[in-house]
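Visitor: Give the three-dimensional model of this entry:
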Amino acid sequence: GEESAYRAAMEMTLTVGQGGGPETIRISEERIYGADGAFVSFSAANTAGLGPSPARGERLGGSLRLILPSGTRTVSAPEETIADYLAEQILVRRGPREGEAARSVLFDSTLLKPLASLYRVERIEERNLGGVPTRVFVIRSEIPELKLSSLDRIADNQTVLEAKIAGFLTLREEGEAEAKSLSYLSDVLTLTAIVPRGRPVTSPARVDRLLAAVEGVDAVSLLSSPPRQTIRPAGADGYYLEVERQRLDPKLSPSLPVAGESFAPFLQSAPEIQSDDPRIRALAAEIAGGETDALRTAEKLTAWVHANLRKTYRVSLPDALGVLDSRSGDCKAHAVLLAALARAASLPARTVSGLVATGDGKFYYHQWTELFVGDWVPADAAFGQVNADATHLKLAEGEPIAQAAALAQAIGKLRLEILALGTEGENTP
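Guide: Residues are numbered from 1 along each chain as shown. Predicted structure coming up:
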């Protein structure tokens with residue numbers, strides 16, 4: 001009965017230093033398991049824009065009924081048990097040796113699907129914690145589908161001492177005063193800036209061609225996006241990255257609606273891109289003003305978003321309706337609103353993440369939209385550019401969580417040297 005069921009709850013409050021001032025993000029989740037340990041239900045909410053919020057799920061036989069802000073739908077029930085939820089702690093409890101591993105599958109409340117996790121003991125450390133000799137298990141935790149990993153330190157009493165997520169976010173057990181202090185942390189914007197060697201990029205909006213040497217990451221999997229971005233080897237561990245702004249022929253621009261099976265995923269509504277919402281559809285029609293040419297529609301939509309959103313930084317992941325309500329946001333907000341308006345206008349759109357130069361000599365992590373106008377082209381509503389300049393270096397596309405996981409591979413690792421720049425009508429030096 002319910003009295004003997006298990007309840008697993010998590011509440012997290014993050015205060016993040018950004019743009020000279022802190023922002024608070026709250027995340028909560030609750031899972032209910034039956035007396036036999038089987039998954040029964042979940043509820044989740046967050047202020048970070050990580051998937052639909054609030055979200056609930058109730059198991060009904062072999063199905064899971066999802067109650068979301070956009071309505072209800074049914075998916076297959078996960079085979080998850082409470083042992084999956086506690087897999088890492090159970091591994092530690094049995095006193096494993098180095099190299100021992102465990103596996104779990106948990107229903108993810110942001111992506112709304114099961115995700116497998118792998119846990120492997122990398123080493124065992126002897127520590128003195130509060131005067132008590134303690135064995136600390138250093139465990140590598142991985143979610144292969146998202147290419148996301150963390151390095152966790154767990155005491156032999158199953159207390160999680162520290163988790164380093166994706167190599168850049170550290171969760172650590174501390175006193176309340178230390179945990180609430182941001183004075184020892186670098187600003188998020190500073191942490192995500194790359195200062196390249198080589199030629200300075202002083203007028204990025206004019207750059208049509210870019211040649212760079214890349215080190216520190218697998219550039220083939222991370223940066224290859226032909227025909228705009230191409231990669232070729234440069235020695236044993238490096239690569240050359242060539243980026244060229246596409247030459248668009250208005251005569252090849254298709255008429256709307258753009259149809260075809262391959263475009264279906266980029267015309268559908270999504271939790272953060274609510275293109276089927278009546279407000280989004282009405283606004284898209286108003287902006288397009290009866291235009292049926294894909295390229296001209298792309299230009300109109302991009303110009304509107306650029307002109308009508310106040311530019312302000314936010315840590316959280318936005319959704320199109322929230323951005324429309326606030327009429328403000330950073331690159332992420334501009335990208336999702338443009339994508340939603342484009343899809344509502346039957347123009348295929350997807351959000352992408354990567355790096356962009358801003359004229360101060362640095363490259364920053366950035367998000368923009370790609371629109372199909374006969375070819376996929378970058379449209380950066382934050383900068384007011386359709387067929388954006390060649391300093392836009394694409395790293396990832398897809399669901400926001402998957403994009404974040406891909407970016408995590410580059411943060412703190414990717415090194416750039418700008419070898420050559422070119423503008424329209426000039427030969428690349």
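Visitor: And the nearest residue to Ala205 once chain neighbours are set aside, how close does it get to Val377?
Guide: Closest residue to Ala205 apart from its sequence neighbours, by Cβ to Cβ, 6 or more residues apart in numbering: Asp389 at 5.2 Å. For every residue, glycine as well, the C-beta is placed using N, CA and C. Distance, Asp389 to Val377, by Cβ to Cβ, to the nearest Å: 12 Å.
Visitor: So these two - more neighbours on which side?
Guide: Ranked by neighbour count (other Cβ atoms under 10 Å), Asp389 and Val377 place Asp389 first, with 23 against 20.
Visitor: confidence score at that one?
Guide: For Asp389, the pLDDT comes out at 96.
Visitor: What of Gly17?
Guide: Per-residue pLDDT puts Gly17 at 54.
Visitor: Please apply the same query to the one 10 residues further on.
Guide: In the predicted model, Ile27 carries a pLDDT score of 89.
Visitor: What of Pro22?
Guide: At Pro22, the pLDDT value in this model is 62.
Visitor: List the residues that contact the residue nearest to Ala205.
Guide: Counting by Cβ atoms under 8 Å, 6 or more residues apart in numbering, Asp389 touches Pro204, Ala205, Arg206, Val207, Asp208, Arg245.
Visitor: Tabulate these (a markdown table), appending pLDDT.
Guide: Putting the contacts of Asp389 into a markdown table (pLDDT from 0 to 100) gives the following:
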| residue | pLDDT |
| --- | --- |
| Pro204 | 92 |
| Ala205 | 92 |
| Arg206 | 93 |
| Val207 | 95 |
| Asp208 | 96 |
| Arg245 | 95 |
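Visitor: follow-up on the earlier one: quickly note the distance from the residue nearest to Ala205 to Ala357.
Guide: Counting by Cβ to Cβ, the gap from Asp389 to Ala357 is 8 Å.
Visitor: Give the intersection of the neighbour lists for these two.
Guide: Common contact partners of Asp389 and Ala357 (Cβ under 8 Å, 6+ apart): Pro204, Val207.
Visitor: what about the helices in the stretch 251-400 of the chain?
Guide: Using DSSP state H, counting those that start in this stretch, the helices assigned to the stretch 251-400 of the chain run over residues 278-288, 294-308, 320-326, 331-344, 400-410.
Visitor: Which elements pack onto the first one?
Guide: With contacts taken as 3 or more Cβ pairs under 8 Å, 6 or more residues apart in numbering; DSSP states H and E, helix 278-288 sits against helix 294-308, helix 320-326, helix 331-344.
Visitor: Please identify the buried residues of the first one?
Guide: Put plainly, it is helix 294-308. Using 16 or more other Cβ atoms under 10 Å as the test for burial, helix 294-308 gives Ala294, Leu295, Arg296, Thr297, Ala298, Glu299, Lys300, Leu301, Thr302, Trp304, Val305, His306.
Visitor: Pull the contacting residues for the second one.
Guide: With contact taken as Cβ under 8 Å, 6+ apart, Leu295 is in contact with Leu248, Pro250, Ser253, Val373, Gly374, Val386.
Visitor: per-residue confidence at it?
Guide: Per-residue confidence (pLDDT) for Leu295: 97.
Visitor: re the thing from before, of the contacts of Leu295, keep whichever come out buried.
Guide: Leu248, Ser253, Val373, Gly374, Val386.
Visitor: Model confidence score at the second one, please.
Guide: In this case it means Ser253. With respect to pLDDT, Ser253 has a value of 95.
Visitor: ok, and the closest non-adjacent residue to it?
Guide: If the residues on either side of it in the chain are set aside, Ser253 comes closest to Leu295, at 3.9 Å by Cβ to Cβ, 6+ apart.
Visitor: how close does that neighbour get to Arg199?
Guide: Distance from Leu295 to Arg199, counting by Cβ to Cβ: 32 Å.
Visitor: Tell me the first helix or strand C-terminal of the helix or strand of the chain with the lowest mean pLDDT.
Guide: In the chain, no helix or strand scores lower on mean pLDDT, DSSP states H and E than helix 188-191, which sits at a mean of 40. Next in sequence after helix 188-191, counting helices and strands by DSSP states H and E, comes strand 193-194.
Visitor: which helices and strands sit right next to that next one?
Guide: With contacts taken as 3+ Cβ pairs under 8 Å, 6+ apart, strand 193-194 sits against strand 363-372.
Visitor: Distance of the residue nearest to the spatial centre of the chain relative to Leu317?
Guide: Of all residues in the chain, the one closest to the mean position by Cα atoms, centre = their mean is Ala404, 2.8 Å from it. Going from Ala404 to Leu317 by Cβ to Cβ gives 8 Å.
Visitor: Low-confidence ranges, this structure, go.
Guide: Under the criterion pLDDT under 70, the flagged ranges of the chain are 1-4, 15-23, 49-50, 128-133, 166-169, 172-192, 313-316, 401, 424-429.
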